[in-house]
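Novice: I'd like to go over a predicted model; first the sequence, then the structure.
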Amino acid sequence: MKDMEEQALSVTEIRSRAVTGSTVVVLRGVLVRLISFAGSLILARMLTPSDFGLVAVGSTLVAFASFLADGGLGAALIRRPEAPTRPELESLLGYQIVLTLIMVGITAAVAPIFGRAGIVTLVMVAALPIVTLQAPGSILLERRLRYERR
């Protein structure tokens, strides 16, 4: 019974946590945007306008492919009450690797048509199967985060 009393939060503490959590999320978002903006400014100074356009095309395709490869499955495994099993994590990883390899294959088939832009995009998309290897670990780590009183 004592554990339940210790876990019960007052309205003030819930409000305080909500404000703190919201502030951290907003500040993190602002920091990420600022770093991204600074990186874009540096790239804009280093690259010619056509080179910068190539990077923009590649980045757009990478972002779209990442969105498709995730499909919200990782978030679903994080949010559900029971922990994901090893076969579920393996299945998710296999799905993501196969899907990203298909995207790399399609990009490789189409890249020569677009010349230099296609090759730059292909190089950027080719990293996606490697990036997906972090998904199971990220899911497990996110589930282990404890949002409790200290």
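Specialist: Looks like it came in fine.
Novice: give me the below-cutoff pLDDT ranges for this structure.
Specialist: 1-8, 146-150 (pLDDT under 70).
Novice: could you rerun that using 50?
Specialist: Counting by pLDDT under 50, the chain contains low-confidence ranges at 1-5.
Novice: need the strands for this protein, in chain order.
Specialist: Applying DSSP state E to the chain gives no strands.
Novice: could you identify the longest helix within it?
Specialist: Counting by DSSP state H, the longest helix found in the chain is helix 11-46.
Novice: tell me, what residue is most central in this protein?
Specialist: S66 (7.6 Å; C-alpha atoms, centre = their mean).
Novice: was I right to think that residue contacts L128?
Specialist: Yes - assessed by C-beta atoms under 8 Å, S66 is found in contact with L128 at 6.7 Å. In short, each C-beta sits where N, CA and C put it, glycine included.
Novice: quick one: list the elements packing against the longest helix of the chain.
Specialist: helix 49-70 (3 or more C-beta pairs under 8 Å, 6 or more residues apart in numbering; DSSP states H and E).
Novice: tilt between the helix it packs on and helix 11-46?
Specialist: Relative orientation of helix 49-70 versus helix 11-46 (axes from the mean of the first three to the mean of the last three C-alpha atoms, to 10 degrees): 140 degrees.
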